[in-house]
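>>> Just need the structure, nothing else, for what follows:
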Amino acid sequence: MARSEFVRFSLAQAAPSFVGGFYVPFFPLWLAHLGVSPSQMSLAFAACMFTRVIVSPIVGIAADALGDRRAVAMTCAALSAIFFTVLGLVGPVWGFAVILPLMVLATPLNSATTPIIEGVTARGALDYKFDYAQARLFGSLAFVVSNYLGGVAIGFSGPEVIVWVVTVSVAACFFAFIPLPNLLSDRGRAKRPMGKALRRTFSESRVLLKKPVFRLFLATTALAQASHAVFYTFGALTFRGFGYSDDYIGFLWAAGTLAEVALFAVQARLFRRWKPTDLIALGAALGVLRWAGMAFDSGPGGALVLQLLHAATFGLVHLGTMRFLAVAVPVRLTATGQSLFAVIAFGVVMGIVTLVSGWLYETTGPHAYLFMAALSVAAFALTLALSRAWSGRSLFAFNTGRIT
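Numbering: from 1, shown residues only. Next up is the predicted model:
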């Protein structure tokens, strides 16, 4: 294993995960502090996800066509930090009228860096001979640290600090991406004029989207990930409604991610021979249990057990997703394939479910999680179909390997 490259990929994984570890559980608390209602929150988060549908493919295709994915990721991080800065300055003064458009500018740009980093890390693991999960583990650890420190910071300084921690964390991503290595498998790739490269990458992305197996994969993973919508938007508010302290809420978020870390640490021994579809199926099945349990107050201990299932509902599904993309999609479409997945899973489907979840949560409270359990049932059924449809090889004419 090339240790220097492993460290640099791990740093690139850690930076955006630190942002997510603070933004996902605590940004809704900042919005609530400013008087934003649950329906307005769901509208804002859904609008960010729908905007991602436009931003992520453009960013991914540009990154692949340019052949400089690091520069594109750095640009997105810098622009996102600028918009979050403006949001922190004017949001408390002007309210939701400016919060909504600024979130729509800042959040999708930050989100667009994730598929690029995920894609180059998954492919870099093959190039530099290291375990992808070991590098992704550092991202999960950063998420845990951010969860815990976030709860402590808010308990000490109040929710006013949330937007500024997010801003600084996004800005730090710019510097974390600087040492990102080039992919060995990109070497020898013929350099084309920018216009021609963009046309070819766009054309091949359309071919990829026309593949029935790829579309089935997108539907499967989108439903599995969208089942987290109520939790991502209202998880902290749900735990507050159950009477848990901010410190314990931070601990619960951290515990779920620590379980994910443990999974990534041992997955090579436990799941080496598992097919990507097997991992996704198990994660979706355990999602039914997790979300059904979240619909009710099972006490602090029960909430902790349900949080530990995050290792399955996100971790196993994520591992299966990355393994599928690394084998099924050619290297020249690394960022494009990741971006298309991110657009469908975390843009279109997650956006729709988030929008619906705002209404559900306002009318039914925690019982909205029962709808998430139903999505997990659907994801499990689709995974069985995907397992039968996919050969385990590249979806294009040439072979990049096979998972047995």
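
>>> Need the pLDDT of Ala254.
Model confidence at Ala254, given as pLDDT, is 79.

>>> Isn't Thr177 up against Ala15?
If you look again at residue 177, you'll see it is Phe, not Thr. Yes. Counting by Cβ atoms under 8 Å, Phe177 does reach Ala15; the two are 7.2 Å apart. Every residue, glycine included, has its C-beta placed from N, CA and C.

>>> so where is the stretch 101-250 of the chain shaky, pLDDT-wise?
Across the stretch 101-250 of the chain, the ranges flagged by pLDDT under 70 are 184-202, 204.

>>> Kindly recompute the last result at 90.
Low-confidence segments of the stretch 101-250 of the chain, defined by pLDDT under 90: 114-116, 118-141, 143-159, 180-211, 232-237, 240, 244-250.

>>> Now the terminal residues of stretch 342-358, how far apart.
End-to-end distance for stretch 342-358: 21 Å, by Cα to Cα, to the nearest Å.

>>> pLDDT averaged over it - what is it?
The average of the pLDDT scores along stretch 342-358 is 85.

>>> How about residues contacting that stretch?
Residues outside stretch 342-358 that contact it (Cβ atoms under 8 Å, 6 or more residues apart in numbering): 38-39, 41-43, 45-50, 52-53, 56-57, 111, 114-115, 218-219, 221-223, 225-230, 232-234, 368, 371, 375.

>>> same deal with stretch 162-175?
Applying Cβ under 8 Å, 6+ apart, the external contacts of stretch 162-175 come out as 15-16, 18-19, 22-23, 26-27, 29-30, 33, 73-74, 77-78, 80-81, 84-85, 87-88, 91, 106, 110, 113, 146, 150, 153-154.

>>> same deal with stretch 100-114?
Residues from elsewhere that reach stretch 100-114, judged by Cβ under 8 Å, 6+ apart: 16, 19, 40, 43-45, 47-48, 51-52, 54-56, 59-60, 73, 76-77, 79-80, 83-84, 86-87, 90-91, 170, 173, 177, 339, 342, 346.

>>> Show me which positions of it end up buried.
100, 102-114 (16 or more other Cβ atoms under 10 Å).

>>> Which pLDDT does the model give Pro92?
94.

>>> Next, count neighbours for it.
16 (other Cβ atoms under 10 Å).

>>> Thought Leu340 was touching Leu218, still the case?
Yes. Leu218 is in contact with Leu340 according to Cβ under 8 Å; the separation is 7.2 Å.

>>> Next, the buried residues of stretch 256-271.
Buried residues in stretch 256-271, counted by 16+ other Cβ under 10 Å: Gly256, Thr257, Leu258, Ala259, Glu260, Val261, Leu263, Phe264, Gln267, Phe271.

>>> with the residues you listed in mind, which one is nearest to Phe130?
Among those, Phe264 lies closest to Phe130 (Cβ to Cβ), at 12.7 Å.

>>> Which ones among the buried residues of stretch 256-271 lie within strands?
Among these, DSSP state E puts none in strands.

>>> can you tell me which of these are in helices?
With DSSP state H as the criterion, helices contain Gly256, Thr257, Leu258, Ala259, Glu260, Val261, Leu263, Phe264, Gln267 from among these.

>>> need the contact list for Ala373.
By Cβ under 8 Å, 6+ apart, the contact list for Ala373 reads Ser227, Gly287, Val288, Arg290, Trp291, Ala292, Ala295.

>>> Next, the buried residues of the strand or helix carrying Ala73.
Element membership of Ala73 [criterion: DSSP states H and E] is helix 69-94. For helix 69-94, a neighbour-count test (16+ other Cβ under 10 Å) marks 69-70, 72-77, 79-85, 87-88, 91-92 as buried.

>>> re the thing from before, cross the contacts of Ala373 against strands and list the overlap.
The strands, defined by DSSP E, take in nothing from those.

>>> so which of the residues you listed is the most crowded?
Result: Ser227 is most packed of the contacts of Ala373 (other Cβ under 10 Å), 31 neighbours.

>>> Pretty sure that one sits against Val377.
No. Judged on Cβ under 8 Å, Ser227 makes no contact with Val377 at a distance of 9.3 Å.

>>> Quickly list what's touching both of these two.
Common contacts of Ser227 and Val377 (Cβ under 8 Å, 6+ apart): Ala284.

>>> Now do the helices in the stretch 151-300 of the chain.
162-177, 194-210, 212-226, 229-241, 246-270, 276-294, 299-308 (DSSP state H, counting those that start in this stretch).

>>> Quick check: which of those helices is nearest to Thr383?
Minimum separation from Thr383 across the helices of the stretch 151-300 of the chain (Cβ to Cβ) falls at helix 276-294, 4.1 Å.
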